[in-house]
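Trainee: with the sequence up front, the predicted model follows.
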Amino acid sequence: MKTIAETGAFLNAPHMSTPSLSFEGVGLTYKDGTETLRDINLKVERDEFVSVVGPSGCGKSTLLKVASGLVEATQGNVVADRDRLGYVFQDATLLPWRTVASNVGLLAELHGVAKQERERRVQEAIELVGLSGFADRHPRRLSGGMRMRASLARSLTMDPEVFLFDEPFGALDEITRERLNDELVQLFLARHFAGLFVTHSIYEAVYLSTRVVVMSPRPGRIVAEFSIPFSYPRGPEVRFSPEFAQIASNISSALRGTELE
Amino acid sequence: MIQLEKLTADQSPAQSVKTLPKDRKRGFNRVLPPVGLFVVIIIIWEIISASLSGSRKFLLPTPQSVVIHGLLARDAYSEILPSFVRTSVLALGGFGVAIVLGMLVAAVMYRFRWLEKAVFPYLVALQAVPVLAVAPLMAVVFGYSFVAKGIIVVLIAFFPIPANFLLGLRSVDSGLDDLFRLHRASWWTRFWKLAFPNALPQLLTGFRISAGLAVVGAIVGEEFFQAGVPGLGIRLLQYLQDVEYNRLYGALILSSFLGIGFYLIFTWIANRVLRNWHESVIQQES
Ligand SMILES: Nc1ncnc2c1ncn2[C@@H]1O[C@H](COP(=O)(O)OP(=O)(O)O)[C@@H](O)[C@H]1O
Ligand SMILES: [Mg+2]
């Protein structure tokens, strides 16, 4: 199998300038009157990977929905390049009647990409996530981790510039999760997207991200922001360094602070 | 949960080797109880038939008598087989119309929610209309024709198809729906690539239920109109009048075969279509 860095090499080089994703004073009140987001200000540029942690029900998923345009903000502005948007949901959301290859090709199909080009992208994405031997399987015959890989591969076929993740590994066991974390970091380094990652695991957030933001209970606001100083690639030993523990503990107390409010 | 899934995925190469004897045993376990019950019923039938007094014996001939005189005798089968075919055609025809109409109605209700609100109560009400009460009206409008009988079949077999199909169309996972919307898929794309395949299990369940009802409808229709090429329904009445009880039971058995046959065919189709992905098939397997 090719390494991710090799395969990613020919893909778009990063171009700097305006942030790929930005929230400016964004608020959201659902139709039933639930105020879910309040005054969110957040910018994510390419080559940035920002994680969002917060108590459950605080509006993290809603934040991603607003970023993607699935839900429209009732206040403020969201600027996002949505032509090349990747969005990985909490569930793998695969079509159970399609094989892995056919699921991975779905987005290119929806966007009317020609068959030959589509097949090329599908094959590349499947190799990239390490599902080469499983292209003809149906989702029900995959493990939870493999389904998530297929879901990732599906987004990768669109070569996303803005990549949203909604607790993608939350349902996986620890070992699978750590492995997928490493692979995600490699993808991030190879593809230079702007990543916005929702998780309930502080360790995962710190391990993956360039920045971590903490949200308050509903209505969700950003109450703290942490820069993560470790350079990539981060080896497993990073997780056990005292610095890592210190940051994690700071985030944890920021989180607890929000709950005491 | 996850560990279980992993296990099944990892063990799959071994599975194909292991499943053969298991499959046979499973098949055996599935076939044995109904076959056993069949034997028991035949024995009970024999006993009742033997215990009837001489003057009432004609009411229930023995199983062998039914098979020999009611089905296998040359003049019996040459009469009843064409009737069997006739009724099958009627049931299949009505069933076909019910499928096409039912799916269309469901698709339109799915597209326009307000139409669902307007139409669905009438579909439910349609079910409550006693079909035999409508039959005379059919006779006036369409005469004692194949079409009139066909309409009876459609009326009886219709409801499960739009009801189940609509349920399936509406039960799309919201995450998948989000995914399609996110990539700006049109309504048609969402229908063909998402809602329709998603509805297949429910639709096929609808087919199975409706197929059995179509056979009932065909026989009821024939019994009511009693005209045209004689199908099983007409034969049943005729044999009753002629006190041909061997043939009466023969015709009854063929009617049941027709119903069971329809049911099995559509169960088989459903399992083939869904074997790769749907839960109900998976559950049957394990
Ligand atoms: N479509 C909706 N309509 C009304 N309320 C909603 C809707 N979706 C989510 N909510 C509410 O908004 C809050 C935040 O939900 P969500 O963004 O899913 O939280 P999180 O992902 O942080 O757990 C919850 O209280 C939830 O009940
Ligand atoms: Mg959530």
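Mentor: Sure thing, it's come through. Ligands and ions are numbered 1, 2, ... in the order given.

Trainee: now the helices: where do they sit in chain A?
Mentor: Here chain A has its helices, by DSSP state H, at A:4-8, A:60-68, A:100-104, A:106-110, A:115-128, A:144-156, A:174-191, A:202-208, A:242-260.

Trainee: mind listing what's buried in the last one?
Mentor: By neighbour count, with 16 or more other CB atoms under 10 Å in any protein chain shown as the criterion, the buried positions of helix A:242-260 are A:Phe244, A:Ile247, A:Ala248, A:Asn250, A:Ile251, A:Ala254, A:Leu255, A:Thr258. For glycine as for every other residue, the C-beta is placed from the backbone atoms N, C-alpha and C.

Trainee: what residues does the stretch 101-250 of chain B put near chain A?
Mentor: For the stretch 101-250 of chain B, the contact set with chain A under CB under 8 Å from any CB of the partner chain comprises B:173, B:175-176, B:178-185, B:189, B:193-194, B:197, B:200.

Trainee: now, these that are in helices?
Mentor: B:Gly175, B:Leu176, B:Asp178, B:Leu179, B:Phe180, B:Arg181, B:Leu182, B:Thr189, B:Pro197, B:Leu200.

Trainee: if we can go back for a sec, can you tell me which of the residues of the stretch 101-250 of chain B next to chain A are buried?
Mentor: Neighbour-count burial (16+ other CB under 10 Å) is assigned, among these, to B:Leu176, B:Asp178, B:Leu179, B:Phe180, B:Leu182, B:His183, B:Ala185, B:Lys193, B:Leu194, B:Pro197, B:Leu200.

Trainee: ok, which pair from those is furthest apart?
Mentor: Comparing every pair within these by CB to CB identifies B:Leu182 and B:Leu200 as the most remote, at 23.7 Å.

Trainee: so what's B:Val124 closest to, chain neighbours aside?
Mentor: Computed as CB to CB, 6 or more residues apart in numbering or on different chains, the closest residue to B:Val124 that is not its neighbour in sequence is B:Phe159, at 7.8 Å.

Trainee: count the residues that sit near that neighbour.
Mentor: Applying other CB atoms under 10 Å in any protein chain shown, we find 19 residues neighbouring B:Phe159.

Trainee: my guess is it contacts B:Ala125, does it?
Mentor: No - the criterion here is CB atoms under 8 Å, and B:Phe159 misses it with B:Ala125 at 10.2 Å.

Trainee: and the strands in the stretch 151-286 of chain B, which stretches?
Mentor: Per DSSP state E, counting those that start in this stretch, the stretch 151-286 of chain B carries no strands over any range.

Trainee: please disregard the earlier target; I meant the stretch 1-150 of chain A.
Mentor: With strands called from DSSP E, counting those that start in this stretch, the stretch 1-150 of chain A shows them at A:21-29, A:35-44, A:49-53, A:75-80, A:85-88.

Trainee: mind listing residues that contact the helix or strand B:Pro121 falls within?
Mentor: In this structure, B:Pro121 sits in helix B:113-128 according to DSSP states H and E. Helix B:113-128 is contacted by residues B:Val105, B:Val108, B:Met109, B:Tyr110, B:Leu155, B:Phe158, B:Phe159, B:Pro162, B:Ala163, B:Leu166 when judged by CB atoms under 8 Å, 6 or more residues apart in numbering or on different chains.

Trainee: which residue is nearest the centroid of chain A?
Mentor: Nearest residue to the geometric centre of chain A (CA atoms, centre = their mean): A:Phe165, 2.6 Å.
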